[in-house]
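> coordinates only, sequence not included:
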Ligand code: ADP
Ligand code: MG
């Protein structure tokens with residue numbers, strides 16, 4: 001056997017990138033999460049060739065101090081949690097300190113940032129190595145530009161699907177992030193064409209209209225229900241508006257879009273027999289929970305969470321939907337309104 005040695009930081013980051021950064025949409029997701037955590041009210045996402053050539057995320061958040069910019073690219077470096085206690089009370093989307101070092105290790109990344117109070121910073125890395133750092137005139141906020149993703153990991157590049165599939169994945173994640181944050185104005189532009197635009201005025205129904213169209217949004221109904229542990233709200237489509245896949249269901253817990261099979265099932269169960277076989281509703285369900293009741297630290301991409309009292313939550317969702325739709329049947333003339 002050869003000698004046991006510690007991996008270099010760059011190699012360790014590339015290995016971590018294998019878990020967190022699967023495709024262009026993963027980069028878009030992580031960078032939008034950072035922009036949201038930075039308190040942005042406007043996030044522009046400009047991509048070229050489905051993100052494989054270029055992904056640029058422009059935010060108007062708090063920015064990063066010049067003397068901390070390089071820390072942001074260090075593994076397990078984060079400004080979001082400091083102690084074990086914080087780990088059980090996560091309110092931010094990020095906390096692992098992995099995204100920037102991972103992305104930087106498999107691309108060419110440029111960061112331009114300013115906190116507004118001082119000179120801004122420009123830094124460029126290639127394959128995880130800093131190749132340029134200098135002061136920069138900049139407005140408050142951060143612009144991250146990722147170019148030539150996977151240029152140094154040919155195996156990963158091969159795994160990437162057609163541009164059409166990658167673009168669909170990017171659009172999907174931007175739309176879910178926009179639905180999770182109606183108070184933020186999102187704009188997605190691909191090769192110069194605007195694909196998504198939301199108003200960012202805090203109104204979920206208007207955000208839905210921006211993403212699924214006005215006529216679909218008009219056929220969606222508000223749900224609201226709470227018990228001692230959970231508060232749920234959102235919009236669900238009337239049974240006449242369905243889709244052929246579950247992809248139009250978004251479950252959001254404390255502002256985080258997550259994937260959860262059982263909660264999906266509860267939503268569908270709430271429709272009772274009103275859905276045709278093989279058809280699924282459009283739904284955005286926001287769930288507010290005490291962070292102590294969920295564990296986000298299950299998977300590096302943070303899209304899976306463990307929920308205490310999951311069964312109680314399923315019953316609450318199912319009941320909220322059932323009540324909403326039963327009300328609709330009692331007053332059919334309300335269907336045409338709104
Ligand atoms: P995490 O989000 O888990 O903390 P990241 O690697 O994604 O880890 O980011 C590292 C750190 O860089 C963040 O904790 C934050 O302090 C800073 N950062 C990253 N992106 C931005 C941004 N758009 N605006 C302000 N700060 C940012
Ligand atoms: Mg992050």
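Okay, I see it. None of these values were measured; they are calculated from a predicted model. Ligands and ions are numbered 1, 2, ... in the order given.
> Residue 29 falls within a helix, correct?
Yes: counting by DSSP: H, G, I helix; E, B strand; the rest coil, residue 29 is found in a helix.
> burial count for it?
Around residue 29 there are 26 other residues, counting by other C-beta atoms under 10 Å. Bear in mind the C-beta positions are built from the backbone N, C-alpha and C, glycine included.
> what about the residue in the stretch 1-150 of the chain that ligand 1 sits nearest to, which SS state?
Taking C-beta to the nearest ligand atom as the measure, the point where the stretch 1-150 of the chain comes nearest ligand 1 is residue 94, at 2.3 Å. In three-state terms, and counting by three-state DSSP, residue 94 is coil.
> And residue 174, by the same measure?
helix.
> Find the residue closest to it in space, skipping its chain neighbours.
Computed as C-beta to C-beta, 6 or more residues apart in numbering, the closest residue to residue 174 that is not its neighbour in sequence is residue 188, at 4.6 Å.
> and the one you found, how many residues sit next to it?
Residue 188 is flanked by 25 other residues according to other C-beta under 10 Å.
> On the pLDDT front, check the nearest residue to residue 54 once chain neighbours are set aside for me.
Spatial nearest neighbour of residue 54, excluding adjacent residues (C-beta to C-beta, 6+ apart): residue 48 at 4.2 Å. On the pLDDT scale, residue 48 is placed at 98.
> one step back: can you say which helix or strand has the residue nearest to residue 174 in it?
Using DSSP states H and E, residue 188 falls within strand 185-190.
> Run through who's touching whichever helix or strand comes after that strand.
The helix or strand immediately downstream of strand 185-190 is strand 193-197, counting by DSSP H and E. The contact list for strand 193-197 (C-beta atoms under 8 Å, 6 or more residues apart in numbering) reads 171, 174, 175, 178, 185, 186, 187, 188, 189, 210, 211.
> Per-residue pLDDT of the second one, please?
In the predicted model, residue 174 carries a pLDDT score of 98.
> hang on, the earlier thing: isn't the residue nearest to residue 54 up against residue 24?
No: applying C-beta atoms under 8 Å, one finds residue 48 not in contact with residue 24, separated by 10.2 Å.
> ok, the two, which is more surrounded?
residue 24 (26 against 15).
> Now do the same contact list for the nearest residue to that one once chain neighbours are set aside.
Excluding the flanking residues, the one nearest residue 24 by C-beta to C-beta, 6+ apart is residue 51, at 2.8 Å. With C-beta under 8 Å, 6+ apart as the criterion, the residues that contact residue 51 are 24, 25, 27, 28, 146, 149, 166, 167, 170.
> again, only using 7 Å
With contact set as C-beta atoms under 7 Å, 6 or more residues apart in numbering, residue 51 has these partners: 24, 27, 28, 149, 166, 170.
> what secondary structure does whichever residue of the stretch 201-338 of the chain sits closest to ligand 1 sit in?
Using C-beta to the nearest ligand atom, the closest approach of the stretch 201-338 of the chain to ligand 1 is made by residue 302 at 9.0 Å. Classification of residue 302 using three-state DSSP returns coil.
> Just confirm it contacts residue 296, I think it does.
Yes: using C-beta atoms under 7 Å, residue 302 is in contact with residue 296, at 5.4 Å.
> and the longest helix seen in the chain, average pLDDT?
Across the chain, the longest stretch assigned as helix under DSSP state H is helix 310-330. The pLDDT scores in helix 310-330 average 90.
> Which residues does it contact?
For helix 310-330, the external contacting residues (C-beta under 7 Å, 6+ apart) are 221, 223, 225, 227, 229-230, 232, 236, 238-239, 262-263, 266-267, 269-272, 274, 285, 287, 307, 334-335.
> Mark which of those are part of strands, please.
Members of the contacts of helix 310-330 lying in strands (criterion: DSSP state E): 221, 223, 225, 230, 232, 236, 285, 287, 307.
> Tell me the spacing between residue 31 and ligand 2.
8 Å (C-beta to the ion, to the nearest Å).
> How about that residue, nearest residue that isn't a chain neighbour?
Nearest to residue 31 is residue 57, by C-beta to C-beta, 6+ apart, at 4.3 Å.
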